[in-house]
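K.L.:
sequence-free structure coming up:
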């Protein structure tokens with residue numbers, strides 16, 4: 001287990017946020033925890049925990065594939 005994991009306040013492993021499922025803790029950068037997430041499209045991406053759990057701003061809900069889909073739908 002990553003020794004930095006002991007600093008994590010809330011374990012997000014196994015939780016789903018939009019299209020992203022948190023697979024494991026990735027790392028710390030400063031005071032931010034990053035989590036390795038798997039998107040339903042198959043991509044894996046390391047995402048800041050606060051970006052997944054925020055309710056005050058637009059939270060991260062995909063690896064970027066959702067924005068691409070929405071843009072292509074709007075162009076039609």
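P.N.:
Cool, got the structure. Quick caveat, the model's predicted, so the values are computed rather than measured.

K.L.:
Scan this protein for its longest helix.
P.N.:
Secondary structure of the chain per DSSP state H: the longest helix is helix 65-75.

K.L.:
Is the residue most central in space within the chain within a helix or a strand, and which one?
P.N.:
Closest residue to the average C-alpha location of the chain: residue 47 at 4.1 Å, with C-alpha atoms, centre = their mean. Assigned by DSSP states H and E, residue 47 belongs to strand 44-48.

K.L.:
just checking, what packs against that strand?
P.N.:
If you count contacts as 3 or more C-beta pairs under 8 Å, 6 or more residues apart in numbering; DSSP states H and E, strand 44-48 packs onto strand 20-29, strand 32-39. C-beta: built from backbone N, CA, C; applies to glycine.

K.L.:
same for the next helix or strand after it, what does it pack against?
P.N.:
Tracing the chain past strand 44-48, the next element assigned as helix or strand by DSSP H and E is helix 49-53. If you count contacts as 3+ C-beta pairs under 8 Å, 6+ apart, helix 49-53 packs onto strand 32-39.

K.L.:
Okay, buried residues for the strand it packs on please.
P.N.:
Residues of strand 32-39 classed as buried: 33-35, 37-39 (neighbour count, 16 or more other C-beta atoms under 10 Å).

K.L.:
Quick check: closest non-adjacent residue to residue 52.
P.N.:
residue 17 (4.6 Å; C-beta to C-beta, 6 or more residues apart in numbering).

K.L.:
Now do the same for that neighbour: its pLDDT.
P.N.:
pLDDT recorded at residue 17 is 95.

K.L.:
Measure how buried residue 42 is and give me the count.
P.N.:
The tally of other residues near residue 42 (other C-beta atoms under 10 Å) stands at 8.

K.L.:
for it, helix, strand, or coil?
P.N.:
Classification of residue 42 using DSSP: H, G, I helix; E, B strand; the rest coil returns coil.

K.L.:
Retrieve the pLDDT associated with it.
P.N.:
97.

K.L.:
Could you check how far it is from residue 10?
P.N.:
Relative to residue 10, residue 42 is positioned 26 Å away (C-beta to C-beta, to the nearest Å).
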